[in-house]
Each structure stands twice: as structure tokens, then as C-alpha cells.
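Peer 1: Sharing a sequence plus its predicted fold:
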Amino acid sequence: MRSRMWHRRGSLSPLPLKKPSTRAARGVTHLEISMSARSPSWSTLGLGLAAVLWVLTVGGGFVAMLVYKSTPGIAAAPPASWPEASRIEPAHDKPTLVMFAHPKCTCTRASLHELGELLARVDEPARVVVAFVLPDGTGEDWNDTDLWHSAEAIPGVTVVADHGSREANLFASRTSGTALLYDAGGRLEFAGGITSMRGHEGDSLGQERMVALLNGHAADRPTSPVFGCDLGAEPKDQGGKP
Amino acid sequence: MSEVQTDRTADAIVARAGARFDKWLDERHVTTDRFFAWLLAGQWLFGIAIALTISPHTWSGKVESIHAHVWLATLLGGAIISLPLLLIRMRPGHVMTRHVVSVSQMLISALLIHLTGGRIETHFHVFVSLAFLAFYLDWRVLVTATLVVVADHLILGLFLPESVYGIDNPEWWRFLEHAFWVLFLISVLVYGCATTIKTWLGFAQEVVMLEALAERQLDGAHGEGS
């Protein structure tokens, strides 16, 4: 009589029961019920229109976000050799890495995080300097920021203040997070950022190239896009090609 | 009691158990919708708080302006939760509502990951969201959420591979590595949903039979009384 019986051990049932016919078991959904019960109403059409608008708005919002985050800042054009006028002391027995940073640029938090990650992957320590660019007219609060303290907390990093954007101008760096690598002989090897997007942590091509060079290997390219705030510097193009 | 009467009683109990199960499942869908209404609104406010705390301003030299993250958290976050909140208000318990909630919850994950600068810890939000979506006891909702994650990886991997994998040309299996962990969780959650559904069906049958038994005894008592 019954093709399928539904009977559980320990059940209170004295009867051999069929499996209950639920909507889920029949594959019937609310949508089908509402669709079969009546034709699309004004509220359904309104919700459909709202759904289309939602897809366009949310899709557009994500595209705008990705465009913002993946648009690089102005690339550095640093001198091919360490500028003699610089007050930053380079190392003469090992490479020197200089990163220019805006003390209040929140995007640079990711650059400093990646700098710490990068240095942990380097076999031989380099001289590493983070120069916080302080445009003319900035107050004391500019050299007491969380970014400043974060940079100081990275082992092996020397933090300096670049008053009046002097060093940023000398090294023709205009975007916070710009990292420059000079070899022991003072020749430019790499210029660019070490994050994959604006203010975004994680591996990046710039970091891979920098690590390769610091470990004595070749890099596929000597530059990478840099993402961060405008430093407010107005350097002259030094024309250096790493 | 004849065999025909027994069959009728059994069929009535089965039909009543099915209806009871459907009622419970509908109630679960509606309560889960309401839960997500609060959760989505809370996450929107949380995203704004994160943007205001981590990246309130952007700078160009000495000139400060409101950071794009604040606008994104407010406007994009608000847009993301608008449709699910509308559907939860107008169509609570509807199958379309929970699928839209599923998509929105995963989009909130993506937004929070970007607002926190891609912190690896924020990626846990994806897995937490999948677990929350399992409250619906509907495996199709989990599939929808997984498709959003897959679409996000595919689109970003195609146009901005560095943002996902950190390199330009990731190995083909890197995608599978990410997908494996999502599928691992999903398979456990789907199993959990299936066993819960099975348990509920058993409960429905037992509750309905107890009710039928009680009704019969009441009828008997009334019959003796009259």
C-alpha cells in the first residue's frame, strides 16, 4: 500500500508512517507559492525595480572603491646616485632603504606594516630609514603620531624627520609610502611602493622585488606603483632610472 | 479499528506533521530574517565606526579631507543593506529575501576587508558569515553566499590579481586553495542543516501524534461524560 515508510526507532508511533510531505521535500518554495497564487503585483514590480537599482548602485560602489584603491600616486623620479646634499646618512657597506612617509596618512599604515614584513624576509640587514615628511608650518603633533611610533617599533628601522620636505624634494618623492633602495655603492636599485593597493596589507610585487634585491637576487622590474597620500613636496624630476 | 481507518489516521498524522514542520521552518526563516536585519544594520554602523577610527582623513601635504573609506562605509554600506532590509520588512520568510540577505552579508565581508586595509584577521568575517547564514537551514542560501565569494575572487583575480594573491600571475591552484576552505566549511554546514531538518521532521511527527492521542482521549472523555 505504502511505497515509502517513515518509521524511526524509539518513535512514539504505533503506526508505520510515511515521510511527511513538506514543501521542502516537494521542492516548493515561497516564491512558487506566491507566483502561483497571484500575478505579479505592484509591490512585486516595485521590489524588482529596487533590486535592479540595488545591483547597479552596489556594483558601481564596489567599482568606485576598487578604482580608488588601485589608482597609484605620483611615482618617484629619484636621482640615480645617492644625493650628496642629503642629510640622511647612507650605509657604505650594505644597501640603504629609504621610505618617505606622511606622518598622518592612514594609507601608509599598510606600507609600514609591509616594511616590517619585508625586513623579516631579508637575509642580510640593510640600513633602513623611514623619513617622515613635515611640510613647513606643521606643528609638534606631526611628529607624535601613531604612524611615527609604528615605524619606531620596527626592528632595525631609523626614523628621521624631514623638515620642510627637504629630503623628499632631494629624492624626488611625492607619494607617501615611496621606498627607494640604493646599493652599498650609492646606486639606485629600486623605487616604488610595497603594497598592492592603497592602504592594503598583503603581498605585493613591490615587496617581492625589494626582497629579491635585498637578498642579492635580480628583480624582474626596478619599479612598482606606489599608493598613499600626496606628501605635499614639490621636487624637481631627478631623472634617475633604477 | 479497521485497516482503512488506520490508513486514514496515519495519513492525517503524516499530513499534519508535514504542515507542522513547514510552520516551524517558516518561523525559523522569519526569525532569521529579523536577526539579519539587526546584524546587517549593526555591521553597517560597525563599518562606519571602523572608517572613522582607522582612516577618518586623507592628506595632501598639510591639507586634510574626509577619507574615501568614510564615504564608502556610509554610502556603499548603506546601499548594501538597503535591499535586504526592505525585503525583510516587506517579505519576511520569503525565499528571495534570504538569498538577498546572503549576498548582502558576503558583500559586507568584502567591504569590511577593504575598510580594514585587507587585514588577514578581517577575512575571518567571511567564515563567520557563512556560519550565521546556516541559521536559515537552507543549503541553497549557503551556495548563493559561496557564489558571491567565488565571483569576488574571479573578478578581482582577473582585473587586480595582485590585490588577491600579491602577485601578477598566481599559480592556477591558488584559487583552489582559497576555495577549499570555503567548501570545507560549507560541506559541514550543509550536513548540519540536513541533520537538523531530519530531527525537526521527527519532532513534528512525535508532537502531532501526541496531540492526536490527547485529542482522542479528550473525545473519549467527552463521550463518556455525555
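Peer 2: Sure thing, it's come through.
Peer 1: among the helices and strands of chain A, which has the poorest mean pLDDT?
Peer 2: helix A:30-37 (a mean of 46; mean pLDDT, DSSP states H and E).
Peer 1: Surely B:Trp59 and A:Cys105 touch.
Peer 2: Yes - here B:Trp59 reaches A:Cys105: they are 5.4 Å apart, a contact under C-beta atoms under 8 Å. (Each C-beta comes from the backbone N, C-alpha and C, glycine too.)
Peer 1: Please identify the longest helix in chain A, counting by residues.
Peer 2: Longest helix of chain A, by residue count under DSSP state H: helix A:42-70.
Peer 1: the strands in chain B, which residues?
Peer 2: B:57-60, B:63-66 (DSSP state E).
Peer 1: let me fix that: chain A
Peer 2: So, for chain A - with DSSP E - the strands run A:96-101, A:127-134, A:157-163, A:178-182, A:188-192, A:223-224.
Peer 1: Out of those, which is closest to B:Leu183?
Peer 2: Across those, B:Leu183 has its closest neighbour in strand A:223-224 (33.8 Å, C-beta to C-beta).
Peer 1: other SSEs contacting that closest one?
Peer 2: With contacts taken as 3 or more C-beta pairs under 8 Å, 6 or more residues apart in numbering or on different chains; DSSP states H and E, strand A:223-224 sits against strand A:188-192, helix A:205-214.
Peer 1: next one: it to chain centre, how far?
Peer 2: 15 Å (C-alpha atoms, centre = their mean, to the nearest Å).
Peer 1: Leaving aside the residues adjacent along the chain, what's closest to A:Pro155?
Peer 2: Residue nearest to A:Pro155 in three dimensions, not counting chain neighbours: A:Leu119, with 7.3 Å by C-beta to C-beta, 6 or more residues apart in numbering or on different chains.
Peer 1: B:Trp59 and A:Cys105 - which one has more neighbours?
Peer 2: Remark: of B:Trp59 and A:Cys105, A:Cys105 carries more neighbours, 27 against 23, as counted by other C-beta atoms under 10 Å in any protein chain shown.
Peer 1: That one contacts B:His57, correct?
Peer 2: No - here A:Cys105 lies out of contact with B:His57, judged by C-beta under 8 Å, at a distance of 9.1 Å.
Peer 1: Report the buried residues of the longest helix of chain A.
Peer 2: For helix A:42-70, the neighbour count (16 or more other C-beta atoms under 10 Å in any protein chain shown) marks A:Thr44, A:Leu47, A:Trp54, A:Thr57, A:Val58, A:Gly61, A:Phe62, A:Met65, A:Leu66, A:Tyr68, A:Lys69, A:Ser70 as buried.
Peer 1: from those, which has minimum pLDDT?
Peer 2: Note: of the buried residues of helix A:42-70, the lowest pLDDT belongs to A:Thr44, at 85.
Peer 1: That one and B:Arg91: what is the separation?
Peer 2: 9 Å (C-beta to C-beta, to the nearest Å).
Peer 1: ditto for B:Leu142
Peer 2: B:Leu142 is 20 Å from B:Arg91, by C-beta to C-beta.
Peer 1: next one: A:Phe171
Peer 2: Taking C-beta to C-beta, one finds A:Phe171 at 60 Å from B:Arg91.
Peer 1: Same drill for the two, tell me which one is more crowded.
Peer 2: Shown here are A:Phe171 and B:Arg91; by other C-beta under 10 Å, A:Phe171 has more neighbours (29 against 20).
Peer 1: other SSEs contacting the longest helix of chain A?
Peer 2: Contacts defined by 3+ C-beta pairs under 8 Å, 6+ apart place helix A:42-70 against helix B:77-90, helix B:95-115, helix B:161-165.
Peer 1: Averaged pLDDT, the shortest one. What do you get?
Peer 2: Going back to what we said before, that points to helix B:161-165. Over the span of helix B:161-165, the pLDDT mean works out to 69.
Peer 1: what does stretch B:88-108 give?
Peer 2: 97.
Peer 1: just to revisit the earlier point, mean neighbour count for the helices and strands packed on strand A:223-224 - can I get that in a markdown table?
Peer 2: Shown next, in a markdown table, are these (neighbours: other C-beta atoms under 10 Å in any protein chain shown):
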| stretch | mean neighbour count |
| --- | --- |
| strand A:188-192 | 23 |
| helix A:205-214 | 23 |
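Peer 1: Any chance of CSV for these, columns mean pLDDT?
Peer 2: Below are these laid out as CSV (pLDDT from 0 to 100):
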stretch, mean pLDDT
strand A:188-192, 97
helix A:205-214, 95
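Peer 1: As TSV, the ones you listed with distance to chain B would be great.
Peer 2: What follows is the helices and strands packed on strand A:223-224, written out as TSV (distance: least, C-beta to the nearest C-beta, whole Å):
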stretch	distance to chain B
strand A:188-192	13
helix A:205-214	6
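Peer 1: how about these, which one is nearest A:Pro95?
Peer 2: helix A:205-214 (6.2 Å).
Peer 1: name the helices or strands packed onto that closest one?
Peer 2: Partner elements for helix A:205-214 (3+ C-beta pairs under 8 Å, 6+ apart): helix A:108-120, strand A:178-182, strand A:188-192, strand A:223-224.
Peer 1: now the longest one against strand A:127-134, angle please.
Peer 2: Which is helix A:108-120. Helix A:108-120 and strand A:127-134 are oriented at 170 degrees to each other (axes from the mean of the first three to the mean of the last three C-alpha atoms, to 10 degrees).
Peer 1: Can stretch B:179-192 be said to contact chain A?
Peer 2: No - using C-beta under 8 Å from any C-beta of the partner chain, stretch B:179-192 stays clear of chain A, coming no nearer than 13.8 Å.
Peer 1: Need the mean per-residue confidence for that stretch.
Peer 2: Here the average pLDDT along stretch B:179-192 is 93.
Peer 1: next one: that stretch to chain centre, how far?
Peer 2: On C-alpha atoms, centre = their mean, the centre of stretch B:179-192 falls 14 Å from the chain's centre.
Peer 1: Check stretch B:57-77 too.
Peer 2: So, by C-alpha atoms, centre = their mean, the centroid of stretch B:57-77 is 31 Å from its chain's centroid.
Peer 1: One more: stretch A:93-105?
Peer 2: 17 Å.
Peer 1: Tell me how many other residues surround A:Thr178.
Peer 2: A:Thr178: 31 surrounding residues under other C-beta under 10 Å.
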